[in-house]
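Chemist: Make a model of this:
(2 chains)
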Amino acid sequence: MMNVRTMATNGLIAAVYIAVTALIQPFGFTNIQFRVSELLNHLVVFRPTYAIGIVLGVFFANLFFSPIGAYDLVFGVGQSVLALLITIVSMRYVKNVWARMAVNTLSFTVTMGLIALELKLALGFPFWLTWLTTSIGEFVVMALGAPIMYAVGRRLARELFNSSHQNR
Amino acid sequence: MSNHLIIGQYVPGQSIIHRLDPRAKLLIVFAYVLIVFLANNAATYALLSVFAFLFAALSRIPFSYIMRGLRPVIWVVLFTFVLHVWMTKEGDVLYRIGALTIYEEGVRQGIFISLRFLLLVLMTTMLTLTTTPIEVTDGVESLLGPLKKMRVPVHELALMMAISLRFIPTLMEETEKIMKAQAARGVDFSGGRFSERMKAIVSLLVPLFISSFKRADELATAMEARGYRGGEGRTKFRQLAWKRTDTVFFAAVVLLAILLCLLRS
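Modeler: Just a heads-up that it's a prediction; the model follows:
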């Protein structure tokens, strides 16, 4: 059985993702969108199990707020799972927090191809152009989110664990 | 701020759609989302539209309410329509305005793809309008049940979903409280230079995370103290029951799929 503390923490991470999605309105259009809550994706670099909470957050946020509905449930969740898996595997080799965040940013940016595929299937948008525009939005949020989440991670480590966050 | 935001958009009701088993609704909506792609001519699109509108009508949710949910996607639909009219260069020429030529095929494609998208949004909106998030969670847990054999922690996932649903309103309230507290200290969330906006987000996220992680810790302690031992042998307060109406509705979707296969060109 999964650790009770892990389950509670991931449940709350998902809730934070949804609350941030709901309260900080995304700016942008289907093609170029900046969803601020996407910067929570960086949580995974502190501990791989946080990926579960992120994916659940994406699932509910898409269920509640996405205009494209069920489509985003499959492709949006799929993109997050894929990108997070790439990051988690790379974390075996990459130990530095900043480097991990860079890898994470890249994997989320590149996997936006899945979202472009979704928009091509659902709306007939041109694939390559959509990939470019969607990944710009994702890259901007993730790259700017890295220092923010670094600050958050450091404060969390100090306030909650009194030790290095990722070592616990 | 939180007053006008209804999480999950659920509209309480006693209609036949409301009372369908959440598993049936999930299956119907997902099947619909897949078979929408079988349509490729007027007859098949008409059939799909009739099904979706019947489904919406049976839910007894006021039409104006459903339309309000569709409003945000109107721009996407218009954009898609224009994109297709502009990009497609097949069929007879309908109009020629300066350098812009509109082809018959482009208009046809534009209408079909916009309609398909509207139908997709309508059906998924029906799911969220008639099903509470906790029912969705129960349905997902039950549908994913077979994956337990592949050692997928289905029960644990459903529990985490339930936890997050429980804490969304709490955390939204908390987020607003923090925003107000930080605004009182001079943080500007609505404007300012770029670096200031980023600092504003940090000043929101740090307290939000710290309080959430503390809450999670307290919750875990409470669960352990009450002897939570996972899904094994656990009974349920909300029982799902697959009824005959569920079978009828599911059969209707299967019939729809067969008809689409026959009518498509």
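
Chemist: Which helix or strand in chain A has the lowest average pLDDT?
Modeler: The weakest-scoring helix or strand in chain A, judged by mean pLDDT, DSSP states H and E, is strand A:27-28 (a mean of 48).

Chemist: Distance check, the most centrally placed residue in chain A against residue B:28.
Modeler: Residue closest to the mean C-alpha point of chain A, counted by C-alpha atoms, centre = their mean, is residue A:41 at 3.0 Å. Computed as C-beta to C-beta, to the nearest Å, the residue A:41 to residue B:28 distance reads 32 Å. In short, each C-beta sits where N, CA and C put it, glycine included.

Chemist: For the residue in the stretch 1-150 of chain B positioned nearest to chain A, give its distance to residue B:169.
Modeler: Nearest residue of the stretch 1-150 of chain B to chain A (C-beta to the nearest C-beta) works out as residue B:124 at 2.9 Å. Relative to residue B:169, residue B:124 is positioned 23 Å away (criterion: C-beta to C-beta).

Chemist: More neighbours: those two, which one.
Modeler: For residue B:124 versus residue B:169, neighbours defined as other C-beta atoms under 10 Å in any protein chain shown are more numerous around residue B:124 (25 against 13).

Chemist: Flag every buried residue along the helix or strand harbouring that one.
Modeler: Residue B:124 is part of helix B:104-130 when elements are defined by DSSP states H and E. For helix B:104-130, the neighbour count (16 or more other C-beta atoms under 10 Å in any protein chain shown) marks B:105-110, B:112-130 as buried.

Chemist: what angle sits between the helix or strand that that helix is followed by and helix B:104-130?
Modeler: Note on helix B:104-130: by DSSP H and E, the next helix or strand toward the C-terminus is helix B:133-143. Interaxial angle, helix B:133-143 versus helix B:104-130 (axes from the mean of the first three to the mean of the last three C-alpha atoms, to 10 degrees): 100 degrees.

Chemist: Name the next helix or strand following helix B:133-143 along the chain.
Modeler: With DSSP H and E, the next secondary element past helix B:133-143 is helix B:154-184.

Chemist: Give me the buried positions along that next one.
Modeler: Taking 16+ other C-beta under 10 Å as the criterion, helix B:154-184 shows B:154-165, B:167-168, B:171-172, B:174-175, B:178-179, B:182 as buried.

Chemist: so what does that helix touch, helix or strand wise?
Modeler: Other helices and strands packing on helix B:154-184, by 3 or more C-beta pairs under 8 Å, 6 or more residues apart in numbering or on different chains; DSSP states H and E, are helix A:4-23, helix A:50-65, helix B:133-143, helix B:194-225.

Chemist: Against which helices or strands is the first one packed?
Modeler: Contacts of helix A:4-23 with other secondary structure elements, assessed using 3+ C-beta pairs under 8 Å, 6+ apart, are made with helix A:50-65, helix B:154-184, helix B:194-225.

Chemist: can you tell me the distance between the two ends of stretch B:221-241?
Modeler: Stretch B:221-241 has an end-to-end distance of 33 Å (criterion: C-alpha to C-alpha, to the nearest Å).

Chemist: Check which residues of that stretch are buried.
Modeler: Of the residues in stretch B:221-241, B:223, B:231 count as buried by neighbour count, 16+ other C-beta under 10 Å.

Chemist: Give me the contacts around it.
Modeler: Applying C-beta atoms under 8 Å, 6 or more residues apart in numbering or on different chains, the contact partners of stretch B:221-241 are A:1-2, A:4, A:8, B:21-23, B:134-135, B:138-139, B:142, B:154-156, B:159.

Chemist: out of the residues you listed, who has the most neighbours?
Modeler: In terms of neighbour count, residue A:8 stands highest of the contacts of stretch B:221-241 at 26 neighbours, by other C-beta under 10 Å.

Chemist: Now residue 101: phi and psi?
Modeler: Just going to use chain A. phi -70, psi -40 (degrees, to the nearest 10).

Chemist: if you could check chain B rather than the one you did, that'd help
Modeler: Torsion angles, degrees, to the nearest 10, at residue B:101: phi -120, psi 130.

Chemist: ok, now which ones touch the nearest residue to it once chain neighbours are set aside?
Modeler: Distance criterion C-beta to C-beta, 6 or more residues apart in numbering or on different chains; nearest residue to residue B:101, sequence neighbours excluded, is residue B:93 at 5.8 Å. Neighbouring residues of residue B:93 by C-beta under 8 Å, 6+ apart: B:101-104.
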